[in-house]
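Asks: Need coordinates for the below:
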Amino acid sequence: MMDKIHSSKSQRQWIAISAISAFFVCAYFGLRALPDAQCGFLHYKEVVNESGQIEFCATNHAGFLDLSRLSYPVKMELAAESSLLVGPDQDVALQLDTSGGMPIAPHELAVTHTKKMHVMLVDPSLEDYHHVHPQADGLNGLYRFRFSPRKAGSYAVYTEVVPLRSRRQVIATGALQVAGVPEVARFSSSTSSLTDGLRFVLSGLPERLRTGRDYRFDLQVDGANGNDIILEKIMGARGHMVAFDAERRGFAHMHPVASVLGEKQTSDDDSSDLSFLFNVPNPGWYRLFAQVQVGGREVFGRFDLEVE
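Replies: Numbering: from 1, shown residues only. Predicted structure coming up:
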């Protein structure tokens, strides 16, 4: 009698274990099949770009990355050939290593948005923003780029790469000091700007923005007189956006929704209307920069948003 009871109990246990195992297996493959906007969880998409290079699905920081709370297993050292001055175009060396001190060579990096490395620099006033792509100088983790600062002070530097081994984006942070007295950041709520003959307008945002909420907004780019323009592809998309908080604790790196979520987009789509996703965890002021290319020329629009 006792043997039958034990046998029945064992059978029920095995049935429960099998059911739980089946649930997790189904959940795993179900999650892999879901659209993955940020390409960071269980699922990777590989595409061939216009240059014939294999790319991993583009990163898209719709959510703001507070780097004062995050740590990545990489470290970066920056050095200029001489003291950086406002104005001149100068050479900067970037050494990228793992946290254990091993150099990260270019062949160990994946291509994302047509480049293996994306470096963003912004000054203390959040007036002067640069997006550059360093070139490797050998295989010892050394990279170089040209930099022409327009403001004084300590530039915050954020480097994005995706190691092939992990296929996960990692971010290294650093600073570059430019001689002179830095300016203080000043903010005034704005959803439009006129820069270098182009008019940038944000729409679709509510009057009051809240932390922790997902917002989808539209970016319209026209000529200064409202005339239609053609946005050329830059880094594989018609436009890019970044957002910095007032303290420069981190950033959000946003790409058009169509290029990230797989919405229908034809190869000849040159629309000047773009949509982006935005979400921030902390209240305060944020400065957004929209980057587009028209006639082979890169132009940056600027906006200020306050989040409650």
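Asks: my read: Leu121 touches His130, true?
Replies: Yes. Contact criterion CB atoms under 8 Å: Leu121 and His130 qualify, at 4.4 Å. In short, each C-beta sits where N, CA and C put it, glycine included.
Asks: shared neighbours of these two, anything?
Replies: Jointly contacting Leu121 and His130 under the rule CB atoms under 8 Å, 6 or more residues apart in numbering are Phe147, Pro149.
Asks: In this structure Gln135 contacts Leu142, no?
Replies: No. In this structure Gln135 lies outside contact range of Leu142 using CB under 8 Å: 10.0 Å.
Asks: what's the spacing between Arg213 and Phe278?
Replies: Distance, Arg213 to Phe278, by CB to CB, to the nearest Å: 9 Å.
Asks: neighbour-wise, which of these two wins?
Replies: Between Arg213 and Phe278, Phe278 has the larger neighbour count (other CB atoms under 10 Å), namely 24 against 11.
Asks: what's near enough to touch the closest residue to the more buried one other than its chain neighbours?
Replies: The shortest distance from Phe278 to any non-neighbouring residue, by CB to CB, 6 or more residues apart in numbering, is to Tyr215 (4.7 Å). Taking CB under 8 Å, 6+ apart, we find Tyr215 in contact with Gly204, Leu205, Pro206, Leu209, Leu277, Phe278, Asn279.
Asks: Could you rerun that using 10 Å?
Replies: The contact partners of Tyr215, taken as CB atoms under 10 Å, 6 or more residues apart in numbering, are Ala62, Gly204, Leu205, Pro206, Leu209, Phe276, Leu277, Phe278, Asn279, Val280, Leu305, Val307.
Asks: Now flag whichever of those residues is closest to Ala152.
Replies: Among the contacts of Tyr215, Leu305 lies closest to Ala152 (CB to CB), at 25.8 Å.
Asks: Report the spatially nearest residue to the closest one, omitting neighbours in sequence.
Replies: If the residues on either side of it in the chain are set aside, Leu305 comes closest to Tyr286, at 5.0 Å by CB to CB, 6+ apart.
Asks: which secondary structure element contains the one you found?
Replies: Using DSSP states H and E, Tyr286 falls within strand 284-294.
Asks: Which SSE is immediately downstream of that strand?
Replies: strand 297-307.
Asks: hmm, back to that, with Pro206 as the reference, measure out to the residue nearest to Phe278.
Replies: Distance from Tyr215 to Pro206, counting by CB to CB: 8 Å.
Asks: Met254 too?
Replies: Here Met254 is placed at a distance of 18 Å from Pro206 (CB to CB).
Asks: okay, the two: which has more neighbours?
Replies: Between Met254 and Pro206, Met254 has the larger neighbour count (other CB under 10 Å), namely 28 against 9.
Asks: doesn't Tyr286 make contact with that one?
Replies: No. At 11.7 Å, Met254 does not count as touching Tyr286 under the criterion of CB atoms under 10 Å.
Asks: shared neighbours, these two?
Replies: Common neighbours of Met254 and Tyr286 (CB under 10 Å, 6+ apart) are Phe64, Ala243, Phe278.
Asks: follow-up on the earlier one: how far does the strand holding Tyr286 sit from its chain's centre?
Replies: 12 Å (CA atoms, centre = their mean, to the nearest Å).
Asks: Tell me the buried residues in that strand?
Replies: Trp285, Tyr286, Arg287, Leu288, Phe289, Ala290, Gln291, Val292, Gln293, Val294 (16 or more other CB atoms under 10 Å).
Asks: do you know how far the first one is from Asp89?
Replies: It stands for Trp285. Using CB to CB, Trp285 is found at 31 Å from Asp89.
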